[in-house]
Structures are given as structure tokens and as C-alpha cells.
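J.: Show me the folded form of this:
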Amino acid sequence: MEESKKTAGNDPSPTEFEVIIIGAGISGINTAYYLTTRVPGTSYAILDGRSRLGGTWDLFRYPGIRSDSDMLTFGFSWNPWVRPEKLAGGKDICAYLQSSAETYGIDKNIRFNHKVHSANWSTKSKSWALAVTNSEGKSQTYYAKFVVLGTGYYDYSKPLETKIPGLSNFDGPVIYPQFWPEDLDYSGKDVVVIGSGATAVTIIPSMAEKTKSITMLQRSPTYIVPQPNQRQEGFFVRFIQLFMPSGLRWWFRRARSIVTSTVFYNYCMKSPAKVKALLQSVVAKQLPANISINPHFNPRYNPWAQRLCLSPGGDFYEALRSGKANVVTDTIETVTPTAIQLVSGQSIKADIIIAATGLKLQFAGGMKLSIDGEEFNPAKRYTWRGSMIQDVPNLMFVMGYANASWTMGAEVVAEHLVRLLGVMERRGASVAVPRLPTSKEPMLENDVFRLSSTYMKMAKQVFPKGGEGLWDHKRSYIWDMLDAQFGDVTKGLSIE
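T.: Below you'll find the model as predicted:
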């Protein structure tokens with residue numbers, strides 16, 4: 001490690017570091033903050049294939065792009081989001097990430113336009129070698145004692161290939177929200193959005209005012225929950241905060257948000273029928289007379305079997321009531337040059353089709369991972385605490401929660417990282433490897449995300465396996481963070 005520090009300090013453009021973080025989005029910036037403040041003096045670099053920080057929030061440019069988690073928890077615990085809105089727009093989130101990185105000097109350690117293609121662990125040198133194409137288009141090799149993957153969970157370069165019968169017949173543009181064209185003119189157009197997830201629920205109210213018509217075409221409905229635009233607090237909560245210092249007020253609000261969302265999720269798991277009835281009663285009050293709950297807002301699955309879609313200020317339902325937006329629940333028979341023909345016989349005229357049908361899942365940004373030159377498949381190995389991979393040395397990956405904000409999961413992983421690095425430093429160790437306990441009985445496998453969305457069902461083929469106990473993905477932020485902060489961070493690891 002001392003050699004890496006020396007290289008980093010003497011070379012104006014070093015390629016050897018103690019830690020290399022891949023990805024300059026929420027995960028990468030958060031990891032860098034933890035290294036900077038909790039393990040000061042650690043040499044690190046962030047490599048990102050894009051030209052700006054922000055990850056998802058820089059990539060996605062479709063109308064209305066915003067968070068789908070409360071900003072109290074989507075923002076960093078170490079740089080509080082203090083604005084009043086519950087859900088924030090993409091540009092505001094990018095500006096927040098930029099400010100967070102600049103405040104702690106993290107931006108100075110980011111190397112943009114550095115695409116990492118592969119990473120190989122050398123048992124002999126006890127380090128990772130990363131094959132990188134740099135900003136000049138030249139191949140370089142970077143070296144690190146420890147690697148953190150802040151690469152997200154989907155493919156940035158390719159959309160999910162969805163089989164839509166006859167789509168090639170369509171004369172108009174077919175748009176994937178992930179690659180939204182800046183010059184798309186949808187004024188006065190008939191637009192059909194295929195899909196009913198968070199992206200569709202965001203796009204429709206944002207486009208409705210300019211379009212001639214916009215239709216959400218879904219095979220099956222989802223839960224779309226109206227939310228106040230700004231955070232609302234009852235008299236008792238406001239009264240308590242009068243006696244708190246300003247800094248403590250934010251922590252109180254954040255803790256309240258975490259506890260409330262956790263209790264609600266658990267209630268959904270234990271009493272799904274009651275929650276479904278409650279949500280549908282709320283939706284019924286929002287719908288115009290010409291649109292019914294059944295079949296358009298009567299999901300076949302229980303609440304939180306898929307992520308709930310949020311509608312700030314009830315904007316989705318406002319678009320329906322305006323008459324500009326509509327919902328159709330049916331199956332596509334074929335696409336013609338100017339319309340979508342449905343199995344029911346109905347035809348929907350379309351000038352533009354938007355395929356909001358999910359994301360193509362991907363682990364490690366598509367990098368090839370190998371040990372001593374032998375490539376391995378992460379999906380064939382168990383995860384350790386949702387942070388490391390069975391039998392893979394000195395590598396952590398950042399994954400968020402299926403039922404909470406991504407940032408909370410990132411902070412749990414960062415806590416694991418800095419505590420583990422501290423243990424290794426005190427022991428004079430250079431390698432930490434998760435090792436499965438020997439057992440005659442095979443370990444029970446768990447789903448990665450525990451969500452039934454079509455594209456999420458592919459997770460087992462992409463991400464490390466979930467098992468039991470330490471060998472499972474993160475499931476509950478409160479318990480996971482307590483374990484990360486106070487549990488035995490060496491359990492299940494071989495440290496030498």
C-alpha cells in the first residue's frame with residue numbers, strides 16, 4: 001500500500017492506487033466520501049466512462065425525470081437535502097451530486113472518459129489490474145489493492161430488447177427513454193407509451209400538455225400512489241421540532257421517513273389485501289368518470305411485489321382528468337405503420353411510440369472479472385452481506401434496496417468498506433476474501449430483489465446469488481446499517 005501512495009503522490013497522472021472506484025454516480029461519490037473522511041490518506045481514484053458525474057441522473061434526459069424515493073433518504077446522510085420537495089428532478093439531483101463532490105474535493109479524483117473493460121486479480125501481487133481505455137482513446141492498465149464497483153444495475157449502452165409484434169412496421173420514431181433524443185418534437189402528436197412502471201408514470205404527465213393525446217398502454221396495471229409535492233408534517237411533529245437544533249431536525253425527519261417507510265413496507269407484506277383496498281380507495285377518488293379502477297388500476301400482484309410508482313401532486317391523475325391522457329389495458333397484436341392493433345380489436349393511433357418497458361440488467365458495468373486470468377461468472381457465486389462476492393478478494397459492489405432508496409444501500413456498503421480496511425490495516429493484512437462455511441447441506445437461494453417485474457426476474461442470471469444469513473443481499477436498511485456499524489465485519493471473511 002505504501003508503494004501505491006508513493007506512486008500517487010509523485011506521478012501527476014498515477015495509475016496505481018490503494019482503492020479504485022468505478023462509477024461517478026451516487027455510489028462512487030458516496031464511497032469516496034467515506035474513504036476521505038473515515039480512512040484519510042488512502043489513495044483512490046474514480047474511473048467513469050462518461051464525461052460528467054451523476055451516473056443515471058446524467059444519462060436519463062426524458063421529460064419529467066425525477067427520483068422515486070423521498071429525498072430525505074435519497075440524499076446523502078453526510079450532505080443533507082434540505083429543500084422542501086419530497087421528490088426531486090434530475091437536473092436538481094445532478095447539481096446536488098456535483099456540489100457534494102466539490103465540497104469534499106471528490107471531484108478532483110474523478111477521471112472522466114475512462115472506460116474500464118476488465119479487472120483481473122493477481123494472487124501473486126495481491127492486487128487488481130484494470131484494463132482501461134482513457135480519455136485519449138488509448139489503452140492503459142490501472143492497479144489497485146481494492147476495487148469498488150459503483151456501476152449500478154443496468155446497461156448504460158443498450159436498452160432492454162422487448163418483443164413488440166410488428167414494431168419494425170411503424171413509420172414514426174420509436175423512443176427508448178434511456179436514450180431520449182434532445183430534438184424530439186411531440187407537440188400536437190399522438191403518443192403511445194408502452195409500459196406502466198415509474199418511467200411511464202413520469203413521462204405521461206410531463207408530456208400531456210404539449211401532445212394531442214398520450215396513452216399509457218399496459219398489459220397489466222400497477223400501483224400509482226399520489227404524493228404531496230412537498231413534505232407534510234402534523235402538528236405534533238412540528239411541535240417537537242421547535243425544541244430541536246436545526247441540524248437535529250434534519251436527522252429527526254430522516255429517521256422518521258426511514259421508520260415510516262419500513263413500517264409501511266412490512267405492513268404491505270403482512271396485510272396485502274388491506275393495503276391494496278386502501279390504495280385503490282385513494283386512486284378511485286383521483287380518476288375521471290370515464291376511467292375505471294377495473295381493469296386499469298387493479299394490479300394482479302400485491303403491493304410491493306413490484307415497486308410502487310409515485311405521482312407527485314397526483315400529476316398522473318391530473319393528466320387523465322384533463323382528457324389529454326388515457327390508459328388502455330390490453331395486449332398488442334401487432335404494430336402497423338400508423339397505429340397499434342390490440343388483441344381486443346381496438347386500434348390506437350400513434351405518431352410516436354415510447355417503449356418504457358424496463359432496463360437491461362447488468363452487473364459491474366459489463367466488465368469481465370477474472371482471478372489469475374480465469375474469468376468467473378458472479379451470478380454463480382453467493383454474495384457476502386450484499387457487498388462482496390464469494391471467493392473474490394478485495395472487491396466490493398454497491399447495490400441499493402428494492403424497497404428503499406439506492407443511497408441507503410450505498411452507505412451500508414461504504415460502512416462495510418471502511419471498517420474492513422481499518423481491520424486490514426491494524427492486522428497488517430492485504431487480502432480479504434469471503435469464504436462459504438463448509439456444510440453438507442446446500443444453501444437455500446434467495447431472489448436478488450424480491451420483485452416480480454418482468455425485467456427484474458432476470459436478476460438471478462446477472463447478479464451474485466442471495467443465500468442465507470451473511471450470504472444474502474441487503475434486505476432491511478435499519479438492521480443492515482446496525483450490522484455494518486457494530487457487527488463483526490470479519491465474519492465470513494478470510495483475512496491475511
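
J.: Residue 297 belongs to a strand, doesn't it?
T.: No - using DSSP: H, G, I helix; E, B strand; the rest coil, the secondary structure at residue 297 is coil, not a strand.

J.: how many neighbours does it have?
T.: Using other Cβ atoms under 10 Å, residue 297 is surrounded by 22 other residues. For the C-beta atoms, the positions are set from N, CA and C on the backbone; glycine is no exception.

J.: where does residue 99 land in three-state SS?
T.: Quick answer, by three-state DSSP: residue 99 is helix.

J.: Distance of the closest residue to it other than its chain neighbours relative to residue 29?
T.: Of all residues not flanking residue 99 in the chain, residue 79 sits nearest, at 7.7 Å (Cβ to Cβ, 6 or more residues apart in numbering). Distance from residue 79 to residue 29, counting by Cβ to Cβ, to the nearest Å: 9 Å.

J.: Then residue 322?
T.: 39 Å.

J.: So between the two, which is more surrounded?
T.: residue 29 (28 against 12).

J.: Do me a favour and get the backbone dihedrals for the more buried one.
T.: The phi and psi torsions at residue 29 (degrees, to the nearest 10) take the values phi -60, psi -40.

J.: Downstream of the longest helix along the chain, the next helix or strand is which one?
T.: Of all segments of type helix in the chain, defined using DSSP state H, the longest is helix 246-270. Toward the C-terminal end, the helix or strand that comes next after helix 246-270 (DSSP states H and E) is helix 272-284.

J.: Can you list the buried residues in the helix or strand following that following helix?
T.: Going down the chain from helix 272-284, the next helix or strand is strand 309-312, by DSSP H and E. Within strand 309-312, the residues that count as buried by 16 or more other Cβ atoms under 10 Å are 309, 310, 311, 312.

J.: All the strands of the stretch 51-200 of the chain, residue numbers only.
T.: 110-111, 115-122, 127-133, 139-149, 174-175, 190-194 (DSSP state E, counting those that start in this stretch).

J.: for the third one, packing partners?
T.: It refers to strand 127-133. strand 16-22, strand 115-122, strand 139-149 (3 or more Cβ pairs under 8 Å, 6 or more residues apart in numbering; DSSP states H and E).

J.: okay, these in TSV with mean neighbour count next?
T.: Converted to TSV, the helices and strands packed on strand 127-133 look like this (neighbours: other Cβ atoms under 10 Å):
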stretch	mean neighbour count
strand 16-22	26
strand 115-122	19
strand 139-149	21
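
J.: And the contacts of stretch 256-266?
T.: Applying Cβ atoms under 8 Å, 6 or more residues apart in numbering, the external contacts of stretch 256-266 come out as 70, 72, 73, 237, 304, 403, 404, 408, 476, 477, 478.

J.: ok, now stretch 118-137?
T.: With Cβ under 8 Å, 6+ apart, stretch 118-137 has contacts from 20, 22, 47, 111-117, 139-147, 367-373, 392-395, 430-431.

J.: pLDDT averaged over it - what is it?
T.: Averaged over stretch 118-137, pLDDT sits at 97.

J.: That stretch spans what distance, first to last residue?
T.: 16 Å (Cα to Cα, to the nearest Å).

J.: Point out where the stretch 251-400 of the chain drops to low pLDDT.
T.: In the prediction, the stretch 251-400 of the chain carries no residues with pLDDT under 70.

J.: now the strands of the stretch 51-200 of the chain in JSON lines, with distance to residue 382?
T.: Compiled in JSON lines, those are given as follows (distance: least, Cβ to Cβ, whole Å):
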{"stretch": "strand 110-111", "distance to residue 382": "32"}
{"stretch": "strand 115-122", "distance to residue 382": "18"}
{"stretch": "strand 127-133", "distance to residue 382": "21"}
{"stretch": "strand 139-149", "distance to residue 382": "16"}
{"stretch": "strand 174-175", "distance to residue 382": "39"}
{"stretch": "strand 190-194", "distance to residue 382": "36"}
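
J.: of these, which approaches residue 449 most closely?
T.: Closest approach to residue 449 among the strands of the stretch 51-200 of the chain (Cβ to Cβ): strand 139-149, 17.1 Å.

J.: correct me, but residue 272 touches residue 299?
T.: No - because the distance of 10.6 Å does not satisfy Cβ atoms under 8 Å, residue 272 is recorded as not touching residue 299.

J.: So for the two, which sits in the more crowded spot?
T.: More crowded of residue 272 and residue 299, by other Cβ under 10 Å: residue 299, with 18 against 15.

J.: which ones are touching that one?
T.: Residue 299 touches 220, 221, 222, 223, 276, 306, counting by Cβ under 8 Å, 6+ apart.

J.: Mind telling me the two of those residues farthest from one another?
T.: 220 and 276 (14.2 Å).

J.: low pLDDT regions in the stretch 1-150 of the chain?
T.: 1-13.

J.: Show the buried residues in the contacts of stretch 256-266.
T.: 70, 72, 73, 304, 403, 404, 408, 477.

J.: list the contacts for the fourth one?
T.: Taking Cβ under 8 Å, 6+ apart as the criterion, residue 304 is in contact with 265, 268, 269, 403.

J.: quick one: which of the helices and strands packed on strand 127-133 is nearest residue 494?
T.: strand 115-122 (14.1 Å).

J.: partners of that closest one in the sheet?
T.: With DSSP bridges as the test, strand 115-122 is paired with strand 127-133 (antiparallel), strand 368-371 (parallel).

J.: right, so of the strands of the stretch 51-200 of the chain, which gets closest to residue 209?
T.: Of all the strands of the stretch 51-200 of the chain, strand 190-194 comes closest under Cβ to Cβ, at 12.0 Å.

J.: Using PDB, write down the CA coordinates of the closest one.
T.: Extracted C-alpha coordinates of strand 190-194, given in PDB (Å, rounded to 0.1, in the frame of the first residue of the first chain):
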ATOM      1  CA  ASP A 190     -50.500  11.200 -30.800                       C
ATOM      2  CA  VAL A 191     -48.100   9.400 -28.400                       C
ATOM      3  CA  VAL A 192     -48.300   5.900 -27.100                       C
ATOM      4  CA  VAL A 193     -46.200   4.900 -24.100                       C
ATOM      5  CA  ILE A 194     -45.900   1.100 -23.800                       C
END
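
J.: What helices and strands are in contact with it?
T.: Strand 190-194 packs on helix 198-207, strand 213-218, strand 352-355, going by 3+ Cβ pairs under 8 Å, 6+ apart.

J.: Now find how far off-centre the first one is within its chain.
T.: When distances are taken as Cα atoms, centre = their mean, to the nearest Å, helix 198-207 is centred 18 Å away from the chain's centroid.

J.: Over to stretch 185-200?
T.: For stretch 185-200, the distance to the chain centre is 23 Å (Cα atoms, centre = their mean).

J.: got a list of contacts for it?
T.: With Cβ under 8 Å, 6+ apart as the criterion, stretch 185-200 contacts 62, 68, 162, 164, 177, 203-204, 207, 210-218, 220-222, 306-307, 309-310, 332, 340, 348-358, 453.

J.: try 7 Å this time
T.: With contacts defined as Cβ atoms under 7 Å, 6 or more residues apart in numbering, stretch 185-200 is touched by 68, 164, 177, 203-204, 207, 210-218, 221-222, 307, 309, 340, 348-358.

J.: quick one: average pLDDT of it?
T.: 97.

J.: ends of it, how far apart?
T.: 18 Å.

J.: what do you get for stretch 441-451?
T.: First-to-last residue span, stretch 441-451, Cα to Cα: 27 Å.

J.: can you pull up the bridge partners for the closest residue to residue 434 other than its chain neighbours?
T.: Nearest residue to residue 434 in three dimensions, chain neighbours excluded: residue 384, at 3.6 Å (Cβ to Cβ, 6+ apart). For residue 384, the residues forming beta bridges with it (DSSP bridges) are residue 388.
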